[in-house]
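Asker: Model the structure of this input:
(2 chains)
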Amino acid sequence: GAVVSQHPSWVICKSGTSVKIECRSLDFQATTMFWYRQFPKQSLMLMATSNEGSKATYEQGVEKDKFLINHASLTLSTLTVTSAHPEDSSFYICSAGGASLDTQYFGPGTRLTVL
Amino acid sequence: AQSVTQLDSHVSVSEGTPVLLRCNYSSSYSPSLFWYVQHPNKGLQLLLKYTSAATLVKGINGFEAEFKKSETSFHLTKPSAHMSDAAEYFCVVNPSGTYKYIFGTGTRLKVLA
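Answerer: Numbering: from 1, shown residues only, chains lettered A, B, ... in the order given. Take a look at the predicted model:
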């Protein structure tokens, strides 16, 4: 149980285009989902917290207009990187909060490369 | 303020020998503590978690961790390393009453043949 999927697993795009990443909880309902960014050989950095049916809460320094988050249902959250630039290239990981919310279940990650 | 310190950025062990990955935490409340493992280009997999029940927590793949409040530590151990254990390991604290994870900086485990 507690499986989280992400799609796509990797994406390459041109500078200036937008990219959408999906995060799904497959066998449980997630009222809260989290989006992280991970640079090579570094720890995970929380970007935003997404609650179903409400606006996401962004961490300090994260541009909400650049990283659009939509949590449309209890099993789906999306992250859209708008007008992507090479510095947005990174590994993006989502997680979903279980019933107790003290445990997060992580997706396999999406590798974004912006040319 | 809450924080997590992983004392070693890299650990190398020989296959079949014990593994010790060290983690110290700072929390004002009674926290939940976790260890996650990340293989290259993969997401994080939960190894084990402590939530104020037994202080010795057994996880998957033969890993276990002991919560020591007096030392504010939550070290991860395994009696015998396997080649497949080579990965990045993250110690995480979730302060009581919150949903936010605080990550350690990670320990890269290398297993030598």
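Asker: residue nearest the centroid of the chain?
Answerer: As the question left the chain open, I've gone with chain A. Taking CA atoms, centre = their mean, the centroid of chain A lies closest to residue A:35, which sits 3.6 Å from it.
Asker: should've been chain B
Answerer: The C-alpha lying nearest the average C-alpha coordinate of chain B belongs to residue B:35 (CA atoms, centre = their mean; 3.6 Å).
Asker: And it, how far from chain A?
Answerer: Relative to chain A, residue B:35 is positioned 12 Å away (criterion: CB to the nearest CB, to the nearest Å). Yep, even glycine has a C-beta here, placed from its N, CA and C like the rest.
Asker: How about residue B:60?
Answerer: When CB to the nearest CB is the yardstick, residue B:60 and chain A sit 13 Å from each other.
Asker: That residue: neighbouring residues, count only.
Answerer: Burial of residue B:60, expressed as a neighbour count using other CB atoms under 10 Å in any protein chain shown, amounts to 10.
Asker: Chain A contacts on chain B?
Answerer: On the criterion CB under 8 Å from any CB of the partner chain, chain A has as its neighbours in chain B the residues B:32, B:34, B:36, B:41-46, B:49, B:51, B:90, B:94, B:99-101, B:103-106, B:108.
Asker: Kindly recompute the last result at 7 Å.
Answerer: For chain B, the residues in contact with chain A under the definition CB under 7 Å from any CB of the partner chain are B:32, B:41-44, B:49, B:51, B:90, B:94, B:99-101, B:103-106.
Asker: Out of those residues, the closest to residue A:61 would be?
Answerer: For residue A:61, the nearest member of those is residue B:100. The distance, counting by CB to CB, is 15.4 Å.
Asker: quick one on the thing from earlier: which of the residues of chain B next to chain A sit farthest apart?
Answerer: Using CB to CB, the two most remote members of the residues of chain B next to chain A are B:41 and B:51, lying 29.9 Å apart.
Asker: Got phi/psi on residue B:62?
Answerer: Phi and psi for residue B:62, reported as degrees, to the nearest 10, are phi 80, psi 0.
Asker: Was I right to think it contacts residue B:78?
Answerer: Yes - if you go by CB atoms under 7 Å, residue B:62 and residue B:78 touch, sitting 5.2 Å apart.
Asker: Show me which of these two is the more surrounded one.
Answerer: With neighbours defined as other CB under 10 Å, residue B:62 and residue B:78 compare such that residue B:78 has more, 21 against 14.
Asker: hey, what's in contact with both of residue B:62 and residue B:78?
Answerer: Shared contacts of residue B:62 and residue B:78, defined by CB atoms under 7 Å, 6 or more residues apart in numbering or on different chains, are not found at any residue.
Asker: returning to that earlier point: neighbour count for residue B:41 and residue B:51, which is higher?
Answerer: Comparing residue B:41 with residue B:51 by other CB under 10 Å, the one with more neighbours is residue B:51, at 17 against 11.
Asker: Identify the residue spatially nearest to that one, adjacent ones excluded.
Answerer: Residue nearest to residue B:51 in three dimensions, not counting chain neighbours: residue B:32, with 4.8 Å by CB to CB, 6 or more residues apart in numbering or on different chains.
Asker: quick one: contacts for the one you found?
Answerer: Neighbour list for residue B:32: A:102, B:49-51, B:94 [criterion: CB under 7 Å, 6+ apart].
Asker: Isn't residue A:12 up against residue A:112?
Answerer: No - checked against CB under 7 Å, the pair residue A:12 and residue A:112 is beyond contact range at 8.1 Å.
Asker: Which one of the two is surrounded by more residues?
Answerer: More neighbours surround residue A:112 than the other of residue A:12 and residue A:112, with 21 against 12 (other CB under 10 Å).
Asker: Sounds good, over and out.
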